[in-house]
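Colleague: here is my input; please provide its structure:
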Amino acid sequence: MSIWWSLQLRRDAASVPLARRFLLGTMESAGVDPDISFDLSLALSEACANAVEHGGEHDDTSGGSGKDRDDAWEEPSATARGQYRVTAYLDGEKCRIEVADSGPGFPTHAGPHAPGRQPGSGLPDSQYASCPPATAEEGRGLCLIEQLADHVHFGNRPGRSGAVVSFDKVLKWREGALLMVS
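Modeller: Next up is the predicted model:
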């Protein structure tokens with residue numbers, strides 16, 4: 001048995017705890033170990049907070065063009081301005097979570113030695129970026145996600161604007177769990 005769900009949420013701070021509680025409820029019902037549930041819910045909260053803060057319109061050039069994309073959910077992976085999408089999949093072995101927004105996306109570079117790319121620059125490439133100091137008031141979310149999940153991918157939605165943060169973690173189960181691998 002597996003559980004899959006997807007939420008389309010407004011870019012509003014109130015959506016972050018909603019997504020977190022939805023995930024926690026799903027994992028508790030399925031019988032996931034509470035420590036794993038906590039790690040994944042914290043990582044999800046950070047990814048959602050990034051979508052809320054950074055996932056808005058990336059340009060104002062469409063101003064009076066008549067393009068209203070607030071209802072433009074053309075396909076399941078599309079994300080309208082003002083909204084973001086959270087998708088989670090739990091199976092017997094792992095939980096995979098994806099958060100996609102419609103903002104400008106992550107900066108793209110030709111590679112690790114591209115001009116302007118500096119270690120610690122805040123770019124979401126764990127191989128080349130370092131985490132901000134623990135006392136920093138912001139900028140630690142992506143590093144936290146990397147520390148809490150087993151595998152993390154930061155990317156941009158192909159062919160459209162928007163960032164995608166996806167991560168997964170191997171699950172541990174409580175005894176008698178609903179989805180436990182047999």
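Colleague: what about the strands in this protein?
Modeller: Assigned by DSSP state E, the chain shows strands spanning 3-10, 83-90, 94-100, 151-156, 163-170.
Colleague: in this structure, where's the longest helix?
Modeller: If you go by DSSP state H, the chain has its longest helix at helix 34-54.
Colleague: mind listing what's buried in that helix?
Modeller: 36-37, 39-52, 54 (16 or more other Cβ atoms under 10 Å). Glycine gets a C-beta too; all of them are placed from N, C-alpha and C.
Colleague: for it, packing partners?
Modeller: helix 15-30, strand 83-90, strand 94-100, helix 141-148, strand 163-170 (3 or more Cβ pairs under 8 Å, 6 or more residues apart in numbering; DSSP states H and E).
Colleague: quick one: mean pLDDT over it.
Modeller: Helix 34-54 comes out with an average pLDDT of 96.
Colleague: cool, stretch 5-23 as well?
Modeller: Mean per-residue pLDDT for stretch 5-23: 97.
Colleague: in this protein, where is pLDDT below threshold?
Modeller: Applying pLDDT under 70 to the chain flags residues 57-81, 109-130, 181-182.
Colleague: could you rerun that using 90?
Modeller: 1-2, 55-82, 91-92, 104-141, 157-161, 175-182 (pLDDT under 90).
Colleague: just want the most central residue of it.
Modeller: With distances taken as Cα atoms, centre = their mean, the residue of the chain nearest its centroid is residue 99 (3.2 Å).
Colleague: what's across from that one in the sheet?
Modeller: residue 86, residue 165 (DSSP bridges).
Colleague: export the helices and strands packed on helix 34-54 to CSV and tack on distance to residue 6?
Modeller: Formatted as CSV, the helices and strands packed on helix 34-54 follow (distance: least, Cβ to Cβ, whole Å):
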stretch, distance to residue 6
helix 15-30, 11
strand 83-90, 4
strand 94-100, 9
helix 141-148, 19
strand 163-170, 13
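Colleague: the closest residue to residue 157 other than its chain neighbours: what's it in contact with?
Modeller: Nearest residue to residue 157 in three dimensions, chain neighbours excluded: residue 164, at 5.7 Å (Cβ to Cβ, 6 or more residues apart in numbering). By Cβ atoms under 8 Å, 6 or more residues apart in numbering, the contact set of residue 164 is 98-100, 153-157.
Colleague: swap in 10 Å and give it another go.
Modeller: 47, 51, 77, 79, 85, 98-101, 105-106, 153-158 (Cβ atoms under 10 Å, 6 or more residues apart in numbering).
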